[in-house]
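Asks: This is a predicted model, with the sequence first.
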Amino acid sequence: MPGESSKAPAKLTATAAIPAYELPWVEKYRPVFLSDIVGNEETIERLKIIAKDGNMPHLIISGMPGIGKTTSVLCLARALLGPAYKEAVLELNASDERGIDVVRSRIKTFAQKKVTLPSGYQKIVILDEADSMTAGAQQALRRTMEIYSSTTRFAFACNQSNKIIEPLQSRCAILRYARLTDAQVVKRLMEIIAAEKVDYSEEGVAALVFSAEGDMRQAINNLQSTVAGFGFVSGDNVFKVVDSPHPIAVQAMIKACHQGKIDDALEKLDELWDKGYSAVDIISTMFRVTKTVDTLSEQSKLEFIKVGRLRPPSPPSPPRQPNNVPHGTLYGG
């Protein structure tokens, strides 16, 4: 029920039949209760009130990936439906199953299905990444929502709510999830590290947080991959796993450039390039690292950030040469 809490190792309720060693940690430590979800406290409190009242409206939950949108709806469904959860919940990923046929078949069939529930409770359809559904599929879904609203509720998890058509938005309560803070990601990672008895360094945890950019799912996946690949969570090991330039190397390049040591900066850039990192990898890391360099003034940081946000222009087309004139002779050479 809402408000209950569980320790990290006990969060295997939905997958207890599978041996723990086979579970991805992102599933093994997925919250079961609303009170276990990290971040977005005000929004979670609203969901707890819905669970307590037992009257769930259609929902749109929007926000960046990996911040608990789908998980919070699953927790709400468990709190509302209890033992009937498995039978009365349909979860679909719209990015994998696009198109109008899904709406007309799987969702409609589920909406028509008879499930014994307490009076006033409805079945729940959860559509993850709903903003990737085609407009036609969304229009078909609108009609399905109207017909079966007395027996079925819909929850849409999406990255951008403006990609949900207006007729669906007008039928839903919209909840917006904020990005998780670094402290919130660290707290959850440390719980998992303690439960799994992982060997780590503080630099390694900082690297996990840096590379995840507020995405809890990414942070947990990177943690498990680093442990599986190296057995020890250090900064170097994490950046090998995520295949991203090490921030210390990028920071050294930025400092050299700021100090006017252009040759040193270019040498460090060449080192990153020789390791196989693309220009996008380097520039995107530079964009994030710049904010953390204490020796740079705010004005200098802004200049570096502006460069990091610019896309390199397409090279201009060479001037068209007149017929029978050798290339290079028009301008004296």
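Replies: Done, it's in.

Asks: going forward, measure contacts and count neighbours with C-alpha atoms only.
Replies: Noted.

Asks: tell me which residues form a beta bridge with Arg176?
Replies: Arg176 has the following beta-bridge partners by DSSP bridges: Ser62.

Asks: in which helix or strand would I find Ala79?
Replies: Assessed by DSSP states H and E, Ala79 sits inside helix 69-81.

Asks: typo on my end, it should be Pro57
Replies: Counting by DSSP H and E, Pro57 is part of no helix or strand.

Asks: Could you list every helix and strand in contact with the helix holding Ala79?
Replies: When contacts are defined as 3 or more Cα pairs under 8 Å, 6 or more residues apart in numbering; DSSP states H and E, helix 69-81 packs onto helix 41-53, helix 85-88, strand 123-128, strand 152-158.

Asks: ok, now with 10 Å
Replies: For helix 69-81, the elements it packs on are helix 41-53, strand 59-62, helix 85-88, strand 89-93, strand 123-128, strand 152-158, judged by 3 or more Cα pairs under 10 Å, 6 or more residues apart in numbering; DSSP states H and E.

Asks: Redo the ones you listed as a markdown table? Include mean pLDDT and mean neighbour count.
Replies: What follows is these, written out as a markdown table (pLDDT from 0 to 100; neighbours: other Cα atoms under 10 Å):
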| stretch | mean pLDDT | mean neighbour count |
| --- | --- | --- |
| helix 41-53 | 92 | 16 |
| strand 59-62 | 94 | 24 |
| helix 85-88 | 89 | 17 |
| strand 89-93 | 88 | 17 |
| strand 123-128 | 91 | 24 |
| strand 152-158 | 93 | 25 |
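
Asks: tell me which element Asn237 is part of?
Replies: Assessed by DSSP H and E, Asn237 sits inside helix 235-242.

Asks: how many neighbours does Gln112 have?
Replies: 12 (other Cα atoms under 10 Å).

Asks: again with Val280
Replies: A count of neighbours around Val280, defined by other Cα under 10 Å, yields 11.

Asks: from what I can see, it looks like it's in a helix, true?
Replies: Yes - counting by DSSP: H, G, I helix; E, B strand; the rest coil, Val280 falls inside a helix.

Asks: Report the secondary structure state of Leu180.
Replies: Recorded secondary structure, Leu180: coil (three-state DSSP).

Asks: can you pull the contacts of Leu272?
Replies: Counting by Cα atoms under 10 Å, 6 or more residues apart in numbering, Leu272 makes contact with Ser244, Pro245, His246, Ala249, Val250, Met253, Leu266, Ser278, Ala279, Asp281, Ile282.

Asks: Would you mind measuring from it to Phe210?
Replies: Per Cα to Cα, to the nearest Å, Leu272 is found 18 Å from Phe210.

Asks: can you check Asn159 too?
Replies: 21 Å.

Asks: Kindly report the same for Arg153.
Replies: 37 Å.

Asks: now Gly235
Replies: Relative to Phe210, Gly235 is positioned 10 Å away (Cα to Cα).

Asks: Next, show the common contact partners of these two.
Replies: Common neighbours of Gly235 and Phe210 (Cα under 10 Å, 6+ apart) are Gly204, Pro247.

Asks: more crowded one of these two?
Replies: It is Gly235, of Gly235 and Phe210, that has more neighbours when counted by other Cα under 10 Å, with 21 against 18.

Asks: Tell me the secondary structure of the most centrally placed residue in the chain, please.
Replies: A centroid search over the chain (Cα atoms, centre = their mean) returns Pro65, at 1.9 Å, as the residue closest to the centre. Taken by three-state DSSP, the conformation at Pro65 corresponds to coil.

Asks: How about the contacts made by the closest residue to it other than its chain neighbours?
Replies: Closest residue in space to Pro65, ignoring its immediate chain neighbours: Asp215 at 6.2 Å, by Cα to Cα, 6 or more residues apart in numbering. Neighbour list for Asp215: Met64, Pro65, Gly66, Ile67, Gly68, Arg179, Leu180, Thr181, Asp182, Val185, Val209 [criterion: Cα under 10 Å, 6+ apart].

Asks: thinking Met253 is in contact with His246, fair?
Replies: No - Met253 is beyond contact range of His246, at 11.2 Å (criterion: Cα atoms under 10 Å).

Asks: Give me the distance between Ala249 and Thr285.
Replies: From Ala249 over to Thr285 (counting by Cα to Cα), the distance is 10 Å.

Asks: what bits of this protein have low per-residue confidence?
Replies: 1-22, 96-100, 102-103, 294-297, 301, 303-333 (pLDDT under 70).

Asks: Got the domain ranges for it?
Replies: Listed by the TED database, the domain ranges of the chain are 29-176, 182-242, 247-309.

Asks: Out of those domains, which is closest to Leu23?
Replies: Closest to Leu23 of these, according to Cα to Cα: domain 29-176, at 9.4 Å.

Asks: returning to that earlier point: could the helices and strands packed on helix 69-81 go into a markdown table alongside distance to Val32?
Replies: A markdown table is the format used below for these (distance: least, Cα to Cα, whole Å):
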| stretch | distance to Val32 |
| --- | --- |
| helix 41-53 | 13 |
| strand 59-62 | 18 |
| helix 85-88 | 12 |
| strand 89-93 | 15 |
| strand 123-128 | 16 |
| strand 152-158 | 17 |
